[in-house]
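No sequence on hand, only this structure:
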């Protein structure tokens, strides 16, 4: 199995409340007693100040609202921005919720500390989008002891599944398999199935279930083809900047690349800039086949140009599924342990037919 690199950036915590006069008064009180930085939902991405996490006594929430704590991974990609906005627009006062939003800033330890704080605040529900799978056992046990249902969103955890209500998100391994299957079909359609193929893989963050699943699915299919050779598989942490930097280093080392597979669109955007700078032609009319994941709107634009050849969808709009779980639990209903969102595979051939309907 290929191993990526560790993400070591340090992040901070902030809270988003619904916008009413009563909430503003509550926010000023929270700043005084807790040291949190609070901001309105409409300013979730601007004016956020850095503050350390602080332990605090549980605040008093407005009666009638369901209080939901949401711990996000960070702001590492356009996909993540769409995912965050989906949660902020779903769990609003108007819909009956009081949301505490926490940006993990790509720091798994900070995410875990934030989870302990949400437990201390006695939220009604906690939604966690974990940066990495490991390290969640103790805090999930405490949440269970305190009677706080936990929903795992997008990425998974290695903790025992009995410690959380359910997981909502994408089937990452299947996404990897779909990408490799598309490559197989493309080569056969063009009479190239017997060609020796040199592949480069840009992996996501080490320990992230999206990276683990996609790599596993890709490698499972790649190993079925004796003429497919993985030159290298390197971590670029799901970011465009690292995608560019890592691809630049790969291009210095290898001159015979036939396929670049990026485990998200943003890393591919960066890799394309590196190939442009190096004079490497890619896409439908180029020398390098380009395969990516997420299916962002910018990816559709590149597919329509023939520069990106396929993007396997990873749907960021999962807040509605998480909300349905909460509503079912409120009514005493049982919920399924694993809940996949609907996703598709888009290519340079069909991108123009679907771009008008894209929400992200």
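Yes, it's here. Bear in mind the structure is a predicted one, so any value in this text is a computation, not a measurement.

ok, then the element right after the helix or strand containing residue 185?
Using DSSP states H and E, residue 185 falls within helix 172-189. Downstream of helix 172-189, the first helix or strand assigned by DSSP H and E is strand 197-203.

That following strand vs helix 172-189, what angle?
Here strand 197-203 points in a direction 160 degrees away from that of helix 172-189 (axes from the mean of the first three to the mean of the last three CA atoms, to 10 degrees).

could we number from 26 for the rest of this?
OK, 26 is where the count begins now, so the last one is strand 222-228.

Please work out the average pLDDT along strand 222-228.
For strand 222-228, the mean per-residue pLDDT is 98.

Stretch 365-374 too?
96.

and the gap between residue 314 and residue 221?
Applying CB to CB, to the nearest Å, one obtains 13 Å for the distance of residue 314 from residue 221. For the C-beta atoms, the positions are set from N, CA and C on the backbone; glycine is no exception.

circling back: what does the helix holding residue 210 contact?
218, 220, 222, 234-235, 237-247, 250, 284, 286, 314, 316, 318, 334-335, 337-339, 368, 370, 372 (CB atoms under 8 Å, 6 or more residues apart in numbering).

circling back to that earlier point, between residue 314 and residue 221, who's got more neighbours?
Set residue 314 next to residue 221 and count neighbours by other CB atoms under 10 Å: residue 314 wins out with 22 against 10.

any idea whether that one is helix, strand or coil?
strand (DSSP: H, G, I helix; E, B strand; the rest coil).

unless I'm mixing things up, it is touching residue 282, no?
No: assessed by CB atoms under 8 Å, residue 314 is found out of contact with residue 282, at 9.4 Å.

and the gap between the residue nearest to the spatial centre of the chain and residue 128?
The centroid of the chain falls nearest to residue 105 when counting by CA atoms, centre = their mean (5.4 Å). Separation of residue 105 from residue 128 (CB to CB) stands at 10 Å.

who touches both of the two?
With CB under 8 Å, 6+ apart as the test, residue 105 and residue 128 both reach 97, 99.

now the helices: where do they sit in this structure?
46-59, 103-115, 133-145, 162-170, 197-214, 234-247, 265-278, 290-303, 322-330, 344-355, 376-379 (DSSP state H).

Can you add distance to residue 362 and give these back as a markdown table?
Listed next are the helices of the chain as a markdown table, based on distance: least, CB to CB, whole Å:
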| stretch | distance to residue 362 |
| --- | --- |
| helix 46-59 | 34 |
| helix 103-115 | 21 |
| helix 133-145 | 20 |
| helix 162-170 | 14 |
| helix 197-214 | 17 |
| helix 234-247 | 15 |
| helix 265-278 | 34 |
| helix 290-303 | 29 |
| helix 322-330 | 31 |
| helix 344-355 | 11 |
| helix 376-379 | 31 |
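
what about residue 243, neighbour count?
Neighbourhood size, residue 243 [other CB under 10 Å]: 27.
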